[in-house]
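# Attaching a predicted model along with its sequence, questions to come.
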Amino acid sequence: MTVDATTTTTTTTNPRNITVIGCGYLGAVHAAAMADIGHNVLGFDVDVDKVALLNTGHTPFYEPGLDELLERALATGRLRFTTSYEETATFGDVHFLCVGTPQQKGSHAADLVYVRSAIQTLAPMLTKPSLVVGKSTVPVGTAEWVRDELHRLAPAGEDIRLAWNPEFLREGFAVQDTLRPDRLVIGVESQRDEAELADLYAPIRAQGMPWVVVDLATAQLVKNAANAFLATKISFINAMAELCEATGADVVALADAIGHDARIGRRFLQAGVGFGGGCLPKDLRGFMARADELGVDQALAFLRDVDDINMRRRRRAVDVAIELLGGSVNGANIAVLGAAFKPDSDDIRDSPALDVATSLHDIGANVVVTDPKALDNARRTRPGLTYIEDVREAVANADVLLHLTEWREYRDLDPAEIGSLVSHRNILDGRNALDAKLWQDAGWDIRALGRPSLGHSHAQ
Ligand code: UDX
């Protein structure tokens, strides 16, 4: 039997009643996956529309493979979704906490309002012994607060136990990362809780990934540290891109060369307009804010540079666009390829592409943004820009193209065909993902971040 990464081979021999509290990216995928491996699952969310949609097998966001997984899980009869806390409290022997922890307005710290409200509403209804398992990304120390609140407010008191099980899923690969994670990390306070989680995850563990058992504080920090490291790796190569721009060196060749060292590795060394999304930027800032509260702000002071380097890349993309326009932006037509913070996602949270597009719009350019999946979300949050779904229509009469999200379809574009639609053959590859030679040979002035300018081979 051939098995792809979005299917499991076995189901549990010991099905539990599991609830998943908060059905965003993390919770919706987790709920479907737990039902897929044989557990009885009740997903909870406060959003009535989201719950109605999930109950019909649809997700409120684009995530490859998730609709299929959801339909498969719903068809087993082991999965449903509710907006009732009472039902959730009564149903579950294990409650997974998957609510969002966004950045607080006006501060770098994580906003724990959803964690607090979920725990303080659920706890007074917990009358039977159960295990609560935190999966949300939280500032270290939150788990201990959650445990104490559960003991204080739940009628079952200390029979409500707490574990922490951080999640490392990437958008675009969420199903695969949930059904076949590269490791499972659990923070527990007793061997009994470890055994319970080991049994619950048995069908996933049977595939043989590392099973890492730690204490509560370490489990919370593992997630913060993993995201901080990934962000640092990206900003490191983007700092090298700045050096390359100052010296005429090529950051892609440099990344290839250092990436051959197995201690460094080539992954997450893709230079460009930098990281965005709903996790890395806010988790980085939340981590610094927590270090500050703990009196160890110096330990993470370097993350401020990581954040600054990342934001500088967006400004650099704006500057290169202005250069390509010969210095006059006012009234120029700019087509931005990509609105999502990365390909295979419709998520536009902290999207570098939309930031660059907005900056150019604000200084007088006519900016058209195109994207295969993210335009509805983009339109809602940045209504001032012009959005056109069809890439060929979007680039018509453009003076410059900005390639800012590396969707497969943009890499596959024919530079000669696209060249016949634009006013001027100028392009910035903000993701170092296009074949620069191909575009140059088709008469384009192609620029890339951190790479020497190729110029263009023949004038139009
Ligand atoms: C990230 C973590 O990878 C995941 O483990 C965690 O659970 C949540 O945060 P995600 O936000 O889905 O996942 O995106 P990821 O694939 O990590 O990319 C983050 C951003 O970095 C994107 O904007 C991407 O374009 C950018 N990136 C990534 C680079 O600029 N260069 C790279 O080399 C890699």
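Sure, I can see it.
# buried sites along stretch 393-406?
A394, V395, A398, D399, V400, L401, L402, H403, L404, T405, E406 (16 or more other Cβ atoms under 10 Å). C-betas here are computed from N, CA, C, even on glycine.
# The closest residue to T127 other than its chain neighbours: which element?
Of all residues not flanking T127 in the chain, P155 sits nearest, at 4.7 Å (Cβ to Cβ, 6 or more residues apart in numbering). Assigned by DSSP states H and E, P155 belongs to neither a helix nor a strand.
# What's the local residue count around P155?
12 (other Cβ atoms under 10 Å).
# Sort out for me which of the buried residues of stretch 393-406 are in strands.
The members of the buried residues of stretch 393-406 that map onto strands under DSSP state E are V400, L401, L402, H403.
# possible to save those as CSV with pLDDT and distance to I237?
Output for those, formatted as CSV (pLDDT from 0 to 100; distance: Cβ to Cβ, whole Å):
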residue, pLDDT, distance to I237
V400, 98, 25
L401, 98, 23
L402, 98, 20
H403, 98, 18
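# tell me which residues of stretch 294-311 are tucked away?
L300, L303, V306, D307, I309, N310.
# between those, which is nearest the ligand?
N310 (8.4 Å; Cβ to the nearest ligand atom).
# Now the closest residue to the ligand within the stretch 351-460 of the chain: phi and psi?
Residue nearest to the ligand within the stretch 351-460 of the chain: P352 (6.6 Å; Cβ to the nearest ligand atom). P352 has phi and psi values of phi -60, psi -40 when expressed as degrees, to the nearest 10.
# I figured it hits V273, correct?
Yes - with contacts counted by Cβ atoms under 8 Å, P352 reaches V273, the gap being 4.0 Å.
# Sitting in helices, which of the buried residues of stretch 294-311 do you find?
L303, V306, D307, I309, N310 (DSSP state H).
# Nearest to V422 among those?
Closest approach to V422 among those (Cβ to Cβ): N310, at 29.6 Å.
# Return the distance of L324 relative to G419.
With distances taken as Cβ to Cβ, to the nearest Å, L324 is found 15 Å from G419.
# Those two: which is more packed in?
Using other Cβ under 10 Å, the more surrounded residue of L324 and G419 is L324, with 22 against 18.
# tell me the pLDDT at the more buried one?
pLDDT for L324: 97.
# And for P60?
Per-residue pLDDT puts P60 at 89.
# What about it, how many residues nearby?
P60 has 15 nearby residues by other Cβ under 10 Å.
# What residues does it make contact with?
P60 sits next to D49, K50, L53, L54 when contact means Cβ atoms under 8 Å, 6 or more residues apart in numbering.
# residues from the protein in reach of the ligand?
Along the chain, the residues adjacent to the ligand under the rule Cβ under 6 Å from any ligand atom are 167-171, 227, 230, 234, 268-270, 272, 274-277, 279-280, 341-342.
# In helices, which of the residues you listed appear?
N227, L230, I234, L280.
# would TSV of these with pLDDT be doable?
Formatted as TSV, those follow (pLDDT from 0 to 100):
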residue	pLDDT
N227	97
L230	98
I234	98
L280	96
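# which of those sit farthest apart?
So, those by Cβ to Cβ: farthest apart are N227 and I234, at 10.9 Å.
# Okay, buried residues for stretch 111-122 please.
So, applying 16+ other Cβ under 10 Å, buried residues of stretch 111-122: D111, L112, Y114, V115, A118, I119, T121, L122.
# taking those one by one, which sit in helices?
Those of the buried residues of stretch 111-122 lying in helices (DSSP H): Y114, V115, A118, I119, T121, L122.
# Can you lay out those as JSON lines showing pLDDT?
Listed next are those as JSON lines, based on pLDDT from 0 to 100:
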{"residue": "Y114", "pLDDT": "97"}
{"residue": "V115", "pLDDT": "98"}
{"residue": "A118", "pLDDT": "98"}
{"residue": "I119", "pLDDT": "98"}
{"residue": "T121", "pLDDT": "98"}
{"residue": "L122", "pLDDT": "98"}
